[in-house]
Every structure is written in structure tokens, then in C-alpha cells.
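[1] the sequence and its predicted three-dimensional model are supplied below.
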Amino acid sequence: MEDLISLCKRRGFIFPGSEIYGGFAGTWDFGPLGVSLKNKITSEWWSFWVEKRDDIYGIDAAILMNPRTWVASGHTATFADPLVECKNCHGRFRADKIADGITESVTTEEFQKLNVKCPTCGKSDWGPIRKFNMMFTTHVGAVLPDDTDEELVSKSVAYLRPETAQGIFTNYKNIVDTIYPDIPFGIAQIGKAFRNEISPRDFILRDRECSQMEIEYFVRPDAWEEAFEMMLKENHRFLEEKMGLPKAKIHDLEVSPEDRAHYSKRTVDFMYEYPNGEEELMGLAYRTDFDLQNIARESGKNLEYRDKNTKEAFIPHVIEPSIGVERLMLAVLSSAYTEDEIDGSRRVVLKLPEHLAPYSFCVSPLLKNKPELVAKAREVYKLLKEKYGNITWDDSGNIGKRYRKQDEIGTPKCIVIDFDTLEDDTVTVRDRDTAAQVRVKISEL
Ligand code: GAP
């Protein structure tokens, strides 16, 4: 993980958020290569689920939502982690993350009995377990948090959404009324979500600001099992075929009832073997009709779906695949990170799937100080740039150093213009993974 973090920073993939001011825990900034990789991942997801299927529709809802959303969803009451404070050093931790074999619903008595040592000072002197709500609060409108009118202040409270899912549920009726979809159908969204995590950790794995890609798939109440199996299979296909993740590193975990979120009757977590150990990559949950029923109650609106053929009316049940963009990026980056030996020297190479690599090609002149080579290389660069867009130019250092740099950022092919090019219009194309070189006509690139 340390090597990967260092590569990501060194090559402009990912920087710590607000680094210039000493950082801001749980936030990350994406550099030119990182944002390119991130965009490729999200557009593959969108293409796979929205564009290539005819039963899933995309939306993009607001991050700030009416606070009644979070009452109806249960987040105001239950979106909380067990917080415990060390009485000796006053360090604050998520209780279920510093002791083995306990769940998020651990009680103070259960925790006290375990004699857990404080990760900071080593003492075992704990305060009570308190429930810490992870939603970020803000105030909407011309209200100051210290205004003396308490009612005005409390009425101005809003939250940064902790999941994109509620933007989907609250638009369910809009989609039904405007698109008239046949059931089963899904609504997909990609967007930011915010969680005041007690301990953000493991690079971009657990952040306070992340992006989620979520689908709510609406089905007849008696058809949920079939839809769940379809989603299990399709999500595996997406991760393995489109993201290039090794099948052997993805493990399905049937989540026990006490560990499931408050809305779920079945959850399978897709666990991934990250460099620091196995962690949740994504979740697949059967949310029943929990959300639509609650929204119908809170809003007073009828959220029944009327079957066009049978005229039956019912509240659909929901299957939800939910994946964090950063967790997926970390899985893609860590599975691509390779150290090997080429021509007797060690190298680091990012073996990214070609369609995810930030640059498809790097074009360079063999020698920087030969104007005729540079001019020809610029011609080839321009040609490819117009055709493919994501092409980079590199004339720094010697050719060996350029190859190492492009290997590290995962560029699949390096194209080199040399003296033969001036004679026969062919170039050298060097392959990232094998380092093999072939001559190709410019017109055939
Ligand atoms: N709508 C359901 C939901 O939000 P979740 O299990 O809390 O369920 C779903 O989150 C996915 O979102 C996770 O599997 C993970 O990929 C991502 N995720 C959640 N919290 C995250 C965090 N703090 N940092 C990065 N990704 C996170």
C-alpha cells in the first residue's frame, strides 16, 4: 500500500486533500491522471448499467435534500457508529474497529468486558459507548449557527447526503410518471456522498467525502430473489470483465442479520483483497419496500406502481447494488500495481486494462535535440491526438527513462519516432507489459 500511495502522489494520480495546509483527514484530491482514471471507471459503469441495458434510467439529483428525507430513510435516527473514548488519552475510536468479534451494535458492558487496549496509549480505561451520527450538518439560508432564535436555527439544519440512494428514491415517482417503465426497472446515479467517519483510513478506502455509484432496481415483491441473483451475477461480470479485477480476489460475504443496515433483509458484501487485507468493495442489498413505504408515509404521496397489463397496484421492492468510486479505484490500482524485471533491471508497472489507462499512447522522438525527429514526432502526435484524444507527449530524459515513467502510469503503448521513420514512415511501438517492440506504419497506427 505504501508503494502504491507513493506512486499515486509521485505521478499525479492522487494527493492528500488540502495538503498545502497540512491536509484534511478523509479527503483526497485527484490529479490529472487520477481524474482521468476515475472518469473512465465511472463512464464504464454508466455504459454497462445505463446505456447498454434498456431497463435502467440515469438521474443526477441534488446533494442537499429536504431534511425530511433523512427522517423517512431512518438516517437521522440510526445512521450512527459506536464511538468510544479513552479516558486516559482522550483518543476517540470506532469501537467495532479496535476489537475483534464485535458488531456495530456493541454495548458499553460488552465492550468493557473485552479489556481492549487503547491503540494510542495502550491503557484499557474506556468511557461509555455513544452513538455518533455520521451525517454532516449544515445550515441553509441566511442563518448563523449562533443566532438566538433556536427555532430558526434548528429549522435551517440540512445534511450533506450520506448516500446517493435517497435522491433516487425521492425521484421514483417522477420517473414512473414521465418514463412509464415496465417493471422490473432501475434508476442509477453517480455522485458525491459525505460521511463524518470516526477514523478515515487506508488511503482512499474510507473517506469523509466519497463518490458512490448506486442503482435502485424496482421489482414485484415476489420477484426479489430472482433480481438479487441477476444483480449478483452482473456485478461480478462488471468487476471482472470491465474493471479487470481478478475473480480470485473477490469474495462474496453473506452479511449476518445483526450486521445488516437497518433497511436490509439480505445483504451480500463483495469483499476485495486489498494490499492491507480484505475489505468491503461494494454491497448488494435487498431493501424491501422500506424506503418507498416510508417516503409515502412522510410525503403523503401514493407511490404504488400500477402494472400496465394486470392493472395491479403495489409498492415495488428494491434490490440495491452500491459501490464507492474510490474503493473501486483502489482495487483497480492495487491489482494493476506490479513489480517485475525487464532486461535485468527492476521496474514498477501499472498493468491497467487498456481501456482504463489514463493515456492510450505516449509519443516521443528518439532524440530531443534532432529537429527533424521532433517535427516528425509532433506530426504523429497531432494525428493520434485528433483521432483518440488521450495521448501524451514525452521528450524528457533518455528513452529508457521515458519507458519507465510510462510503465509506472500504465500507458499501454509507447510510440517512438527515429531515423528510420524519416525514410519509411514506420515507427517503433513498444508494449508496456512485455516490453516487446514492433515496427508499424504510421498510417496503420
Ligand atoms: N446506499 C447504500 C449504502 O450507502 P453502504 O454500505 O453504506 O451502503 C455502499 O455504502 C458503498 O459505498 C460501500 O460498499 C463502499 O464501496 C462505499 N462507501 C461507503 N462509505 C464509504 C467511505 N467512507 N469511503 C469510501 N467509500 C465508501
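    That came in fine, so what should we check first?

[2] mind pulling up the pLDDT for the residue in the stretch 201-350 of the chain that the ligand sits nearest to?
    Of all residues in the stretch 201-350 of the chain, residue 324 sits closest to the ligand, at 2.8 Å by CB to the nearest ligand atom. Where you see a C-beta, it was placed from the backbone N, CA and C, and this is true even at glycine. Reported pLDDT at residue 324 in the predicted model: 98.

[3] in what helix or strand does the nearest residue to it once chain neighbours are set aside lie?
    Distances taken as CB to CB, 6 or more residues apart in numbering put residue 210 closest to residue 324, at 5.1 Å, once the chain neighbours are dropped. With secondary structure defined by DSSP states H and E, residue 210 is part of strand 209-219.

[4] next, the contact list for the most centrally placed residue in the chain, please.
    By CA atoms, centre = their mean, the chain has its centre lying nearest to residue 325, at 1.2 Å. By CB atoms under 8 Å, 6 or more residues apart in numbering, residue 325 lies in contact with 38, 41, 42, 190, 210, 211, 212, 213.

[5] got the contact list for the second one?
    Residues counted as contacts of residue 41 (CB under 8 Å, 6+ apart) are 243, 325, 328, 329, 332, 356.

[6] could you check how far residue 85 is from residue 78?
    Counting by CB to CB, to the nearest Å, the gap from residue 85 to residue 78 is 21 Å.

[7] so these two - more neighbours on which side?
    residue 85 (17 against 12; other CB atoms under 10 Å).

[8] got the contact list for that one?
    So residue 85 contacts 91, 92, 93, 126, 127 (CB under 8 Å, 6+ apart).

[9] torsion angles phi and psi at it?
    The phi/psi pair for residue 85 (degrees, to the nearest 10) reads phi -120, psi 130.

[10] number of residues surrounding the residue of the stretch 201-350 of the chain closest to the ligand?
    Neighbour tally, residue 324, other CB under 10 Å: 22.

[11] for residue 330, same thing?
    Residue 330 has 25 nearby residues by other CB under 10 Å.

[12] quick check, nearest of the contacts of residue 41 to residue 14?
    Closest approach between the contacts of residue 41 and residue 14, by CB to CB: residue 329, at 8.3 Å.

[13] give me the element the closest one is part of.
    Counting by DSSP H and E, residue 329 is part of helix 325-336.

[14] and the angle for that helix with strand 209-219?
    Using axes from the mean of the first three to the mean of the last three CA atoms, to 10 degrees, the direction of helix 325-336 lies 100 degrees away from that of strand 209-219.

[15] next, the buried residues of helix 325-336.
    325, 326, 327, 328, 329, 330, 331, 332, 333, 334, 335, 336 (16 or more other CB atoms under 10 Å).

[16] CSV please, covering these and showing distance to residue 162.
    Below are these laid out as CSV (distance: CB to CB, whole Å):
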residue, distance to residue 162
325, 16
326, 15
327, 16
328, 19
329, 20
330, 20
331, 22
332, 25
333, 25
334, 26
335, 28
336, 30
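
[17] contacts only, for the closest residue to residue 349 other than its chain neighbours.
    Spatial nearest neighbour of residue 349, excluding adjacent residues (CB to CB, 6+ apart): residue 407 at 4.2 Å. Applying CB under 8 Å, 6+ apart, we find residue 407 in contact with 347, 348, 349, 350, 432.

[18] check residue 213 too.
    Contacts of residue 213 by CB under 8 Å, 6+ apart are 42, 45, 188, 189, 190, 322, 323, 324, 325, 328.

[19] same question for residue 182.
    By CB under 8 Å, 6+ apart, the contact set of residue 182 is 55, 308.

[20] would you agree it falls within a helix?
    No: counting by DSSP: H, G, I helix; E, B strand; the rest coil, residue 182 falls outside a helix, being coil.

[21] check it and give its pLDDT.
    96.

[22] what distance do you get for it to the ligand?
    24 Å (CB to the nearest ligand atom, to the nearest Å).

[23] not counting the helix or strand bottoming out on mean pLDDT in the chain itself, show me its contacts.
    Lowest by mean pLDDT, DSSP states H and E among the helices and strands of the chain is helix 150-155, with a mean of 84. Here helix 150-155 makes contact (CB under 8 Å, 6+ apart) with 139, 143, 144, 145, 147.

[24] which parts of it count as buried, going by neighbours?
    Buried residues in helix 150-155 (16+ other CB under 10 Å): none.

[25] put the alpha carbons of that helix into PDB.
    Taking Å, rounded to 0.1, in the frame of the first residue of the first chain, the C-alpha atoms of helix 150-155 are listed here in PDB:
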ATOM      1  CA  GLU A 150     -33.300  28.500  18.300                       C
ATOM      2  CA  GLU A 151     -36.300  27.500  16.200                       C
ATOM      3  CA  LEU A 152     -35.000  29.400  13.200                       C
ATOM      4  CA  VAL A 153     -31.600  27.800  13.700                       C
ATOM      5  CA  SER A 154     -33.000  24.300  14.000                       C
ATOM      6  CA  LYS A 155     -35.300  24.700  11.000                       C
END
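
[26] any part of the following helix or strand past it near the ligand?
    Note on helix 150-155: by DSSP H and E, the next helix or strand toward the C-terminus is strand 157-160. No: Strand 157-160 does not reach the ligand (CB under 6 Å from any ligand atom); its nearest approach is 12.5 Å.

[27] could you give the mean pLDDT of strand 157-160?
    Across strand 157-160, pLDDT averages out at 95.

[28] pull out the buried residues from that strand.
    Buried, per 16+ other CB under 10 Å, within strand 157-160: 158, 159, 160.

[29] tell me what that strand is packed against?
    strand 136-139 (3 or more CB pairs under 8 Å, 6 or more residues apart in numbering; DSSP states H and E).

[30] which SSE is the nearest residue to residue 179 once chain neighbours are set aside in?
    Closest residue in space to residue 179, ignoring its immediate chain neighbours: residue 57 at 5.9 Å, by CB to CB, 6+ apart. When elements are assigned from DSSP H and E, residue 57 belongs to strand 56-58.
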